[in-house]
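A.B. asks: Quick one, what's the 3D model for this:
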Amino acid sequence: MKLAVVGSINMDMTVTAERIPQKGETLKGDRISYIPGGKGANQAVAMAKLGAEVEMFGCVGDDSNGKAMLDNLRKSGVKTDHIRVLKEVPTGIAMITVGDNDNTIVVVAGANGEVDKDYVDSIKEELKTYDMVVLQHEIPLETVHYVVELCAAENIPVVLNPAPAAEVPMEIIEKVSYLTPNEHEAVLIFGEGSSTEELLKQYPEKLVITQGSRGVSTCLKSGEVLTVPARKANVADTTGAGDTLNGAFSVQIAKGEEMKDALTYANVAASLSTEKFGAQSGMPTAEEVEEAIRRLKG
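C.D. replies: Alright, predicted model coming up:
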């Protein structure tokens, strides 16, 4: 089981405060931390921590953040052989404020904006050797769609996490194997004309909608709408929870697990990730997820 992630690599500049400031307001922060992140890199690390063989594809700058990101990915067990290091382009940065069990995030793309079609052409033969490709929206959208088209032509399963929110053409939705928006992203993609249940029934076992503390929902091929409730957690930091869920879901689906079992596993992994500070540092191992599942089953 080999998984490839084509996506973003960021350094997260995280500030913690009692709460998130309102528009125009200045608050005193508690601390600042520099933590490896980026939706693509986060999902790759989540998969590697859960025991998968993973390679990250993307771009970083020839700067200290880029070096730190490459070192961290390697230490986490993620292959980095085809990550392009760019001169005079900074590594992507995410500025995150954490407070009151929530967060706000502003992303500066930097080198992530250079993950273009030419880069994909340079790695496409390598991508063809993978069992599944995982994508997000923190690289140019035309690149995301180009990778989907490439994978569809080669019958490679694709998980598309359409975050940050952006429109997804219907022809791309048809070609991905799994689409994993949250509720806000689903409305942007499909419009407000249909309920969550109606949407799920249009795309059985393809559309997976995450709903934060209310869990995650999909429609089984039988026509039953399945909602897997969230595991209760002692929340320290929600940053990276969605990436953990997507990474864990991808690993389980790639292993051939049934949808219900894959979503249960992914939900538990995501909830565990919120109990520690930092996106990647809080991500659980396979052993930790399996132990939490055993406890839930009593």
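
A.B. asks: thinking residue 152 is in contact with residue 145, fair?
C.D. replies: No: when contacts are counted by CB atoms under 8 Å, residue 152 is not listed as touching residue 145 (10.4 Å). Every residue, glycine included, has its C-beta placed from N, CA and C.

A.B. asks: so where's the chain shaky on pLDDT?
C.D. replies: Residue ranges of the chain with pLDDT under 70: none are present.

A.B. asks: List the residues that are in contact with both of residue 152 and residue 145.
C.D. replies: Counting by CB atoms under 8 Å, 6 or more residues apart in numbering, residue 152 and residue 145 have no contacts in common.

A.B. asks: Show me which positions of stretch 145-156 end up buried.
C.D. replies: By neighbour count on 16 or more other CB atoms under 10 Å, the buried set for stretch 145-156 is 145, 146, 147, 148, 150, 151, 152, 156.

A.B. asks: Stretch 59-75 too?
C.D. replies: For stretch 59-75, using 16+ other CB under 10 Å, the buried residues are 59, 60, 61, 63, 65, 66, 68, 69, 70, 72, 73.

A.B. asks: Go ahead and name everything in contact with it.
C.D. replies: With CB under 8 Å, 6+ apart, stretch 59-75 has contacts from 9-11, 34, 36, 38, 41, 44-45, 56, 80, 83-93, 110-112, 114-115, 119, 280.

A.B. asks: Put the alpha carbons of that stretch into CSV.
C.D. replies: Only the C-alpha atoms of stretch 59-75 are listed here, as CSV (Å, rounded to 0.1, in the frame of the first residue of the first chain):
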residue,chain,number,x,y,z
CYS,A,59,7.7,22.6,-3.4
VAL,A,60,9.6,24.4,-0.7
GLY,A,61,11.9,27.4,-0.7
ASP,A,62,15.6,27.4,-0.3
ASP,A,63,15.3,28.8,3.2
SER,A,64,15.5,27.7,6.8
ASN,A,65,11.7,26.9,6.8
GLY,A,66,12.1,24.7,3.8
LYS,A,67,15.0,22.8,5.3
ALA,A,68,13.1,22.4,8.6
MET,A,69,10.0,21.1,6.7
LEU,A,70,12.1,18.5,4.7
ASP,A,71,13.8,17.4,7.9
ASN,A,72,10.5,17.0,9.7
LEU,A,73,8.9,15.0,6.9
ARG,A,74,11.8,12.6,6.8
LYS,A,75,11.8,12.2,10.5
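
A.B. asks: re the thing from before, out of the buried residues of stretch 59-75, name the ones that lie in helices.
C.D. replies: 65, 66, 68, 69, 70, 72, 73 (DSSP state H).

A.B. asks: Relative to residue 270, how far out is the last one?
C.D. replies: Taken as CB to CB, to the nearest Å, the spacing of residue 73 relative to residue 270 amounts to 21 Å.

A.B. asks: Skipping adjacent residues, who's closest to residue 106 in space?
C.D. replies: residue 95 (4.6 Å; CB to CB, 6 or more residues apart in numbering).

A.B. asks: Mind telling me what element the one you found is part of?
C.D. replies: strand 92-99 (DSSP states H and E).

A.B. asks: What is that strand packed up against?
C.D. replies: Counting contacts by 3 or more CB pairs under 8 Å, 6 or more residues apart in numbering; DSSP states H and E, strand 92-99 is packed against strand 10-17, strand 102-108.
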